[in-house]
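>>> predicted model, plus sequence, below.
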Amino acid sequence: MLAKAGAFLRRDFQTQSSYRLNFFMQVIGILVSISIFYFISQILGTAISPYMSRYGDIDYFHFALMGIAFYPFIGISANSLSESIHEYQHTGTLEVLFISPTPILPLLLMSTLWRYCWATGETLFYLLTAAFLFQADLNWMGISSAFVVILLTIFANMGLGLINASFVLVTKRVSPLARLTRVITNLLSGIYYPIEILPNWLQTFSYFLPATYAFEALRQTMLQGAKLSDIGLLLLPLIAFSLILLPIGLISFHYAIRWAKTDGSLSQY
């Protein structure tokens, strides 16, 4: 199994490295994104400080940095499986995966490993660039706790990822739930602004999103130096989302596979 995972990583690394211009443009995009939020922070000054008092003496730039740096993990865990299936459908190789001696779900999960590796590098590049170019004051001792939070966040969103993958497997179309979840997460989970600025009725909905707890925990670890024991109340909802959504996702994926095999549509696109 490890050899197969390594083969997927090598394949995707070689594919990624062959598009050097795309890599260069992604780096430029990160630099531009960080710069934009830095200059927005300069304009806002201390106007937003009352909403961020619980994080200590930080400005908007530090708040937004945590959101944009760690968001890729949430997007990947919710969408990478469905994107992989869509890619295999488009290239006509999905049926080949199904006749492999390795079960289909582990194969699909292995095909997403490179995306997680890339997201890790992307996150570190965000943080290092902010620290060296814009003097971001980060608690680097909290990076290990932050990645524990990310791991729990991945599991909390993976159930949704399986549901999205099930939809793509059956319909050969992008899951509308994936788009809706992305919009709602960007709006309500506190990526770009504290949820306290939202109307009270919208704040209520934000607590039904795993990302809300994830970003709060990440800001406490990376900006305040909180340990895992200090953010236990934020980790519990992530664990609860995992225990609820993962079984639902696995069941839906199981029935999607059964339907696709019965319908004989694996080789169709």
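Thanks, I have it. What you are looking at is a predicted structure, and each value in this text was computed from that prediction instead of being measured.
>>> might you report the residue contacts of residue 86?
Listed by CB atoms under 8 Å, 6 or more residues apart in numbering, the contact partners of residue 86 are 168, 172, 174. Where you see a C-beta, it was placed from the backbone N, CA and C, and this is true even at glycine.
>>> of the residues you listed, just the buried ones, PyMOL syntax please.
Selecting only the buried members of those in PyMOL, with burial defined as 16 or more other CB atoms under 10 Å, works like this:
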select buried, resi 168
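>>> between the contacts of residue 86, which sits nearest residue 72?
When the contacts of residue 86 are compared for distance to residue 72 (CB to CB), residue 174 wins out at 18.6 Å.
>>> quick check: the gap between residue 150 and residue 29.
21 Å (CB to CB, to the nearest Å).
>>> ok so, going back, among the contacts of residue 86, which lie within helices?
residue 168 (DSSP state H).
>>> pLDDT added to the contacts of residue 86, as a markdown table?
Compiled in a markdown table, those are given as follows (pLDDT from 0 to 100):
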| residue | pLDDT |
| --- | --- |
| 168 | 85 |
| 172 | 76 |
| 174 | 77 |
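>>> buried residues in the host helix or strand of residue 6?
Secondary structure from DSSP states H and E places residue 6 in helix 2-17. Along helix 2-17, the positions that meet the burial threshold by neighbour count (16+ other CB under 10 Å) are 8, 12, 16.
>>> next one: stretch 118-127
For stretch 118-127, a neighbour-count test (16+ other CB under 10 Å) marks 118-119, 122-123, 125-127 as buried.
>>> off-centre distance for that stretch?
Relative to the centre of its chain, stretch 118-127 is centred 12 Å away, using CA atoms, centre = their mean, to the nearest Å.
>>> check stretch 101-110 too.
Per CA atoms, centre = their mean, the centroid offset for stretch 101-110 relative to its chain is 21 Å.
>>> where does the prediction get shaky in this structure?
Along the chain, the parts satisfying pLDDT under 70 run over 1, 46-47, 49, 56, 95, 263-269.
>>> element containing the most centrally placed residue in it?
By CA atoms, centre = their mean, the chain has its centre lying nearest to residue 74, at 1.6 Å. With elements delineated by DSSP H and E, residue 74 resides in helix 60-91, which encompasses its position.
>>> and that helix, how far from the chain's centre?
The offset between the C-alpha centroid of helix 60-91 and the centroid of the whole chain comes to 4 Å, using CA atoms, centre = their mean.
>>> ok so, going back, the residue nearest to the centre of the chain contacts residue 157, doesn't it?
Yes: shown here, residue 74 and residue 157 form a contact pair, counting by CB atoms under 8 Å, at 5.8 Å.
>>> what touches both of the two?
Taking CB under 8 Å, 6+ apart as the contact criterion, the residues that touch both residue 74 and residue 157 are 210-211.
>>> and the helices in this structure, which stretches?
Counting by DSSP H, residue ranges of the helices within the chain are 2-17, 20-44, 60-91, 94-98, 104-110, 113-134, 143-171, 176-188, 200-206, 210-224, 232-263.
>>> for these, state which one has the densest average packing.
helix 210-224 (a mean of 25; mean count of other CB atoms under 10 Å).
>>> that one vs helix 60-91, what angle?
Orientation of helix 210-224 against helix 60-91 (axes from the mean of the first three to the mean of the last three CA atoms, to 10 degrees) gives an angle of 140 degrees.
>>> what's helix 210-224 packed up against?
Based on contacts counted as 3 or more CB pairs under 8 Å, 6 or more residues apart in numbering; DSSP states H and E, the elements that helix 210-224 packs against are helix 60-91, helix 143-171, helix 232-263.
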